[in-house]
Structure formats: C-alpha cells, structure tokens
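Asks: mind looking at a prediction? Sequence and model below.
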Amino acid sequence: MTHPSNTESSSPAAQDGAATELVVDVGPVAHGGHFVARHEGRVIFVRHGIPAEKVRVRLTDAGESSRFWRADVVDVLEASDDRTRHFWPLADSLAAWGKGGPPVGGAELGHITVERQRLLKSEVLAEQLKRLAGVELKVDVEPAAAGDPGSGDVTGTGVTGPDGGTGLGWRTRASFAVTPGGRLGMHAHRSDVVIPVREMPLALPGINELRLWDIDLRGISRVEVAAPANGSRPLVLLAPEEGTDARRLNRILGQIPLDVSVASFDPVGGEVLQLRGRTWVQESAAGHEYRVTGEGFWQIHKDAPATLVGAVTGFLHDGGYLLPGSAVADLYAGAGLFTAPLADAVGITGSVLSVEGSPGTSRDARKNLHGETQVEIVQGRVERVLRQRPRSFDALVLDPPRAGAGKAVVSQLIESGPRAIAYVSCDPASFARDLGYFRNGGWRLESLRAFDLYPHTHHLETVALLVPAA
C-alpha cells in the first residue's frame, strides 16, 4: 500500500502547510461511522478503519483547542482479517487520498465485510442502549427480508440477504449534488467539496441506467432520484439555482429519457412543479399500492417496507394488541406504509388513526387509504393531535424522524395509556434516549429487532415493542 509523503506532527498542520498524518491504533466503533483512536491523550474519530488495525490517518478536522479530532485512514500498516477491497473506488479512502482528495460520503463501511459490518452495528446499538437507556442487551443485526428463499448466504451460518451478500443495489432513492461545471456529483463527508460520479453502486440498476452523469446540469444545484422497486416509472427532481430560466430547464429535460417523470422542486419550501409526467411515484408493499409525491418519505432500501411491516405487525399481533376490532394509531405515518396493513388487521370493526405532519405526504395518505372507512387521517403535529383528540388505543405505531420523538411526545404517549407501542427508529442514539424516557415513565422494552437496511453505511433500523412495566 502507498505511503503518502506528508509530515507527521502532533499539530493540525505541518509547518510547510501540508496536511498532518499520524500513525494510530484503531479502537472500538463509535456511533456515526467512526472508530475511536487516541494520540497523546486526545481522542481522534477515525473513518475507514477497523478495530485493532494500525493505520496512518490524515487529520481532516483538528485544532489545538478541540476536544477531539477527526481523521481519514490513508494507509493500513496492520490490516484486519475483515478488511476487503472497497467496491467503489470513489468512496475508498485509501484510493481517494492517494489521488489527493477526500472520498465521497455514503459508503463509509465499504472496506469491511458485510458480516463484520453487522457485528459492528450491533455493538453500536448495545453501547447506545446501555449509555442512554440503562439497558444491557445485545441484539443481532439482521439483513433485510431475512429468510427470503431467493436470498444468498451472507455469513456461511444460514443468515441470508436479498442481495446475495454483496450489500449492493438496494437504494430506491439517491441524492446528488452538482459540480461547478454542471456534472452530477456527491459530497465528501462533512464537506462542501463535490466529487463527480459516474456510478452509484448502492442504487438500483434503474437509477444507474438513467446515466444522469452524462447530462449537462448547469443551473441545477441538487438532483433527487426515485426509482421504485416495483419497476414503475422513475422520478427525477431538479432543484434549479436562482436565475435558471425555462430554456435551460428544457435543455436538461431533453437529455433525460422520455419514460422518466421530471419535476422541479424547492428544497427549502418543498414546492414541486411538474415538468414532464408525474410529480409522484407508485410504490408497492405488503399487498398495497402507495402514491408518494416528490420528496415525500419512503423507506430507501427496496426490501425495507416489507421487512418493517412484518416486524411491526408481528410484534403487535403476537402480543394480542393487533386483532379484529382493535383501536390503533400510526404516528408520523408518512404516506401510510403501516396504516394500510394496520387497517387490514383491525378490519371494519376496528379503527386506525393516521397522523402525519407534512401536508403533501398527508395528502398522499388520503389517496392511498381512500375507501378504508376504519381509517381517520389527520394532518398535524403528533403532540397536538393527541392532545386535541384524546382516546384509548390498544396499540400505537411510532416511526419518528431521525431526531426521535423526544421527551414531550414520549410523555404524551404514556399519558394516552395504550397497551403497547411499536417504535420504529433509524437512529440508535435517539431511540435509546427515548427508551430511557419510556423507562422513567414506567414502561419496559419487551422485544427488539435490528435490521441492516443501509449496507456499507453506519446506519441501521430498529423495531421495538414497548409495554407498561406493571
């Protein structure tokens, strides 16, 4: 492996202005895709390493007064047996820095075997549960749609994954920046640097086949792409820069395949304007069809909807909380991914309250659940709706954004007195924090599952069943 010829120093930059490089021993994994190392007593959060490796790192964020520094691995002196060739050279820290620049973000664990990635994610979840919730529990991280007959054996122990064990080709959505020269790109981690890309290996073939990197995107600041796993019509969203006129948009439109829907959107205001085709995509999950508009939320992994619906309904049904005639609520409901199967389970004698804060996404839910008389769809903040519409529930489904529900909402949920809560989370830290609030309020963790819905990244998804402790 190459050894970049930069000066080693204990300060953020060498005297000649060259970036500082240090040799460190990589310690345990930390939440956020980092590994903990130390140099002269100072903590360094290292990316692109593996515990127990000896590596050379390049400081990317440092200062003498900083509590900790950040760094990327640029050379591996003593490698872990779990290190593997990175599938994407642009995201490979060693290859990228060897050419003089940072790697693209979004595949920070691609140098680690998929089996070890899941073990590391399990360690992160256990650490967050212990530190923030006071719960000592080790949970295996499962692949999406585990047990699918078409899946490949990832670990050699019978654990399967729908991608045959590669962890590639799962993203139904992708977000891109645009270089100053008008080429499709992606940001480096914690950086304004935009790196041109000509592939996105984590995305479905339908996204790569659009070949948006061949298009002159001058006048556009951001591009969002949605390619439903069911193979239906993709949607490309373009965020125009201020001053971009209709002629420039039409030139770009003419370079995108005719069978692809295209819309412009405002990342701040959320306004979506049709340029060609539809401003929404058609998704399929759990025997239902869903309309999802513009940037409306939908699970990114192609197998995530079925995986999460199965976990949520399984917990609630097996516990006797989701039966014909039950009263349930779907909070932070989005376009109705969980609302529809909940309505199936409770039947016409039961009831489902579906609450979503985003007006556009709530309108999608109304269209998706049209004709389901047992479903009431309310647009508004969860805490406000629960306060204004107090009622008794057998169960609640909670799927908040990455920041979690928070102390005030948790207190309100406890006060509403449900028999059980299924909590879906994409962030182990916010989930563990909220679990601590539930425990302080007299509730306990009954069951917990974790899923690897973001292979080659540090993210994971959890589904928990919470019940009153008494």
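Replies: Noted; the coordinates are in hand.
Asks: all contacts plus neighbour counts: C-alpha atoms, from now on.
Replies: OK.
Asks: not counting its neighbours along the chain, what's nearest Leu109?
Replies: Excluding its sequence neighbours, the residue lying closest to Leu109 (C-alpha to C-alpha, 6 or more residues apart in numbering) is His456, at 4.6 Å.
Asks: can you tell me how far that neighbour is from Gly169?
Replies: 11 Å (C-alpha to C-alpha, to the nearest Å).
Asks: neighbour count for those two, which is higher?
Replies: Looking at His456 and Gly169 with other C-alpha atoms under 10 Å, you find the greater number of neighbours at His456, namely 25 against 19.
Asks: pretty sure the more buried one sits against Ala107.
Replies: Yes. Assessed by C-alpha atoms under 8 Å, His456 is found in contact with Ala107 at 5.1 Å.
Asks: the bottom helix or strand of this protein by mean pLDDT?
Replies: strand 152-153 (a mean of 35; mean pLDDT, DSSP states H and E).
Asks: low-confidence ranges in this structure?
Replies: 1-18, 146-164 (pLDDT under 70).
Asks: just the helices in it please.
Replies: Applying DSSP state H to the chain gives helices spanning 93-98, 114-128, 205-208, 246-253, 304-318, 339-346, 359-368, 382-388, 407-416, 428-440.
Asks: take these and lay them out in TSV including mean neighbour count.
Replies: Formatted as TSV, the helices of the chain follow (neighbours: other C-alpha atoms under 10 Å):
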stretch	mean neighbour count
helix 93-98	21
helix 114-128	21
helix 205-208	20
helix 246-253	14
helix 304-318	19
helix 339-346	23
helix 359-368	20
helix 382-388	15
helix 407-416	16
helix 428-440	22
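Asks: can I get the ones you listed in CSV with distance to Ala19?
Replies: Shown next, in CSV, are the helices of the chain (distance: least, C-alpha to C-alpha, whole Å):
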stretch, distance to Ala19
helix 93-98, 11
helix 114-128, 29
helix 205-208, 35
helix 246-253, 39
helix 304-318, 41
helix 339-346, 52
helix 359-368, 46
helix 382-388, 48
helix 407-416, 43
helix 428-440, 32
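Asks: how much space between Ala203 and Pro103?
Replies: 18 Å.
Asks: between the two, who's got more neighbours?
Replies: Between Ala203 and Pro103, Pro103 has the larger neighbour count (other C-alpha under 10 Å), namely 26 against 21.
Asks: now that one: closest residue in space, sequence neighbours ignored.
Replies: Leaving aside its chain neighbours, Pro103 sits nearest to Ala91 (4.6 Å; criterion: C-alpha to C-alpha, 6+ apart).
Asks: swap in Arg363?
Replies: Ala335 is the one closest to Arg363 (C-alpha to C-alpha, 6+ apart), at 7.9 Å.
Asks: the one you found against Gly294, yeah?
Replies: No. Between Ala335 and Gly294 there is no contact under C-alpha under 8 Å: 11.7 Å.
Asks: what about Leu453, how many neighbours?
Replies: Neighbours around Leu453, by other C-alpha under 10 Å: 28.
Asks: contacts only, for it.
Replies: By C-alpha atoms under 8 Å, 6 or more residues apart in numbering, Leu453 lies in contact with Pro143, Ala144, His301, Ala304, His459, Leu460, Glu461.
Asks: between the residues you listed, which is nearest Arg444?
Replies: Closest approach to Arg444 among the contacts of Leu453 (C-alpha to C-alpha): Glu461, at 19.4 Å.
Asks: the closest one: what's it in contact with?
Replies: Counting by C-alpha under 8 Å, 6+ apart, Glu461 touches Val424, Ser425, Cys426, Asp427, Pro428, Ala450, Phe451, Asp452, Leu453.
Asks: wait, doesn't the first one sit right on Ala464?
Replies: This points to Val424. Yes. Using C-alpha under 8 Å, Val424 makes contact with Ala464 at a distance of 6.5 Å.
Asks: ok so, going back, quick one: which of the contacts of Leu453 sit in strands?
Replies: Using DSSP state E, Pro143, Glu461 are the members of those that sit in strands.
Asks: quick one on the thing from earlier: look up how far Tyr423 lies from the residue nearest to Arg363.
Replies: Applying C-alpha to C-alpha, the value for Ala335 to Tyr423 is 17 Å.
Asks: the more surrounded of these two?
Replies: Ala335 (29 against 23).
Asks: the more buried one: what's it in contact with?
Replies: By C-alpha under 8 Å, 6+ apart, the neighbours of Ala335 are Tyr290, Arg291, Val292, Gly296, Phe297, Trp298, Thr361, Ser362, Arg363, Asp364, Ala365, Asn368.
Asks: near the residue lying closest to the second one once chain neighbours are set aside, how many other residues are there?
Replies: Just to be clear, that refers to Arg291. Once flanking residues are discounted, Arg291 sits nearest to Gln282: 4.8 Å by C-alpha to C-alpha, 6+ apart. When neighbours are defined as other C-alpha under 10 Å, Gln282 has 19 of them.
Asks: likewise the one 10 residues further on?
Replies: The tally of other residues near Val292 (other C-alpha under 10 Å) stands at 26.
Asks: next, the contact list for it, please.
Replies: Trp280, Val281, Gln282, Glu283, Trp298, Ala335, Thr361, Asp364.
Asks: residues in contact with the last one?
Replies: Spelled out, it's Asp364. By C-alpha under 8 Å, 6+ apart, Asp364 lies in contact with Tyr290, Arg291, Val292, Thr293, Ala335.
Asks: repeat that for the first one.
Replies: Going by C-alpha under 8 Å, 6+ apart, Trp280 touches Leu235, Arg291, Val292, Thr293, Gly294.
Asks: got TSV for the residues you listed, with distance to Gln128 too?
Replies: Listed next are the contacts of Trp280 as TSV, based on distance: C-alpha to C-alpha, whole Å:
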residue	distance to Gln128
Leu235	37
Arg291	35
Val292	33
Thr293	34
Gly294	34
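Asks: could you flag which of those residues are buried?
Replies: Listed as buried from these are Leu235, Arg291, Val292, Thr293, Gly294; burial here means 16 or more other C-alpha atoms under 10 Å.
Asks: and which of the residues you listed is nearest Ser66?
Replies: Ranked by distance to Ser66 (C-alpha to C-alpha), the buried ones among the contacts of Trp280 are led by Gly294 at 40.4 Å.
Asks: go ahead and confirm that closest one touches Ala239.
Replies: No. Between Gly294 and Ala239 there is no contact under C-alpha under 8 Å: 11.6 Å.
Asks: overlap in contacts, the two.
Replies: Common neighbours of Gly294 and Ala239, counting by C-alpha under 8 Å, 6+ apart, are Phe265.
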